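Q: Requesting a structural model of the entry that follows:
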Amino acid sequence: MCAVHQPNLFPRLATLAKLFTADYWIVLDDVQFARRDYQHRARLASLDESRKQQWLSIATHLPHGRSTSIRGARLADPVRCRRRVAQLLADHYRHSTYWPSFKRLLEPVLAAFERTDRLAEVTELSTRLLLELVGWSGRILHSSDLLARGERSQRLADLAWLTGATTYLCGTGGIRYLDPAAFRVHSIEVLSFRTPASGFWASAREVSAVHALMLAGSHGLQHELAALRARVTAKEPVRA
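A: You can find the predicted model right below:
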């Protein structure tokens, strides 16, 4: 299975679940940066009340204006960005049983702000951290390193084909515009990926997966992700 997704800052639980289910994550880093998306920001939720939410945003400079690609985006003030990330995460999650261990593992992400001003490098690293914590053993590739045709669906189909995948995991947003015919040419099945809408998953499409991690711990979160992956792989219906 293959998933194609932009590098996000501490991605939402739904995004992390899609990547965890896939064998390949193609980091879509050469498309246009979108300020209204999750490429430079994440929603943090209170431990006690998930509906109490706050944006964690890092100031981003676009050297080429609106046409700047994700890999071309730069941190406007890396030192301030690091301080904001560390402070807001601590403000929300320092009272979690799992915060001390997560804080230690967070250091390489925070250190990245000191060695680079490339937004995509920092945000991808934040996603890698979460994937490692839940035991994901897949492979990461970058769209900027792969040769694929330009049309939207065709390009995604080509990227999936280059991994040798037979299934493309498509989120609820992408399924609205995707043309399955482009994938059928490569004998790739398009599988709609969605997370449950209640219980543990109630805020999965809005809130960073860090929230779930701080509630359930890495083992608890891994259990939930593995159970969902088993259902998706077996093509069992997931109540949206």
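Q: From Asn8, how far off is Ser208?
A: Between Ser208 and Asn8 the computed distance is 9 Å (Cβ to Cβ, to the nearest Å). Yep, even glycine has a C-beta here, placed from its N, CA and C like the rest.
Q: Actually, Gln53.
A: 16 Å.
Q: okay, these two: which has more neighbours?
A: The residue with more neighbours, out of Gln53 and Asn8, is Asn8; 23 against 16, by other Cβ atoms under 10 Å.
Q: so who does the residue nearest to that one when sequence neighbours are not counted touch?
A: Distances taken as Cβ to Cβ, 6 or more residues apart in numbering place Tyr38 nearest to Asn8, at 4.4 Å, with adjacent residues excluded. For Tyr38, the contacting residues are Gln6, Asn8, Leu9, Pro11, Arg12, Thr15, by Cβ atoms under 8 Å, 6 or more residues apart in numbering.
Q: next one: Ile70
A: Contacts of Ile70 by Cβ under 8 Å, 6+ apart are Gln6, Pro7, Leu28, Asp29, Asp30, Val31, Gln32, Phe33, Gln39, Leu119, Ala120.
Q: Make a PyMOL selection of the buried ones in the residues you listed.
A: To isolate the buried members of the contacts of Ile70 in PyMOL, using 16 or more other Cβ atoms under 10 Å:
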select buried, resi 6+7+28+29+30+31+33+39+119+120
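Q: from the contacts of Ile70, which single one is nearest Leu178?
A: Of all these, Leu178 sits closest to Leu28, with 13.8 Å by Cβ to Cβ.
Q: Can you name the residues in contact with stretch 41-48?
A: 8-12, 51-58, 88-89, 92-93, 95-96, 203, 206-208, 210-211, 214-215.
Q: and if you look at stretch 175-186?
A: In contact with stretch 175-186 (Cβ under 8 Å, 6+ apart) are residues 151-154, 156-158, 160-161, 168, 170, 189-190, 192.
Q: Let's see that with 6 Å instead.
A: Ser153, Gln154, Ala157, Trp161, Tyr168, Cys170, Val190, Ser192 (Cβ atoms under 6 Å, 6 or more residues apart in numbering).
Q: Cross-reference those with the strands and report the matches.
A: Tyr168, Cys170, Val190, Ser192 (DSSP state E).
Q: Pro78: which of those is nearest?
A: Nearest to Pro78 among the ones in strands among the contacts of stretch 175-186 is Cys170, at 34.0 Å by Cβ to Cβ.
Q: circling back to that earlier point, show the buried residues in the contacts of stretch 175-186.
A: For these, buried by 16+ other Cβ under 10 Å: Ser153, Gln154, Ala157, Trp161, Tyr168, Cys170, Val190.
Q: Identify the residues contacting the fourth one.
A: Contacts for Trp161 were tallied using Cβ under 6 Å, 6+ apart; they are His186.
Q: backbone phi and psi for Arg118, please?
A: Note on Arg118: backbone dihedrals following degrees, to the nearest 10 are phi -80, psi 110.
Q: distance of it from Arg94?
A: 29 Å.
Q: Fine by me, we can end here.
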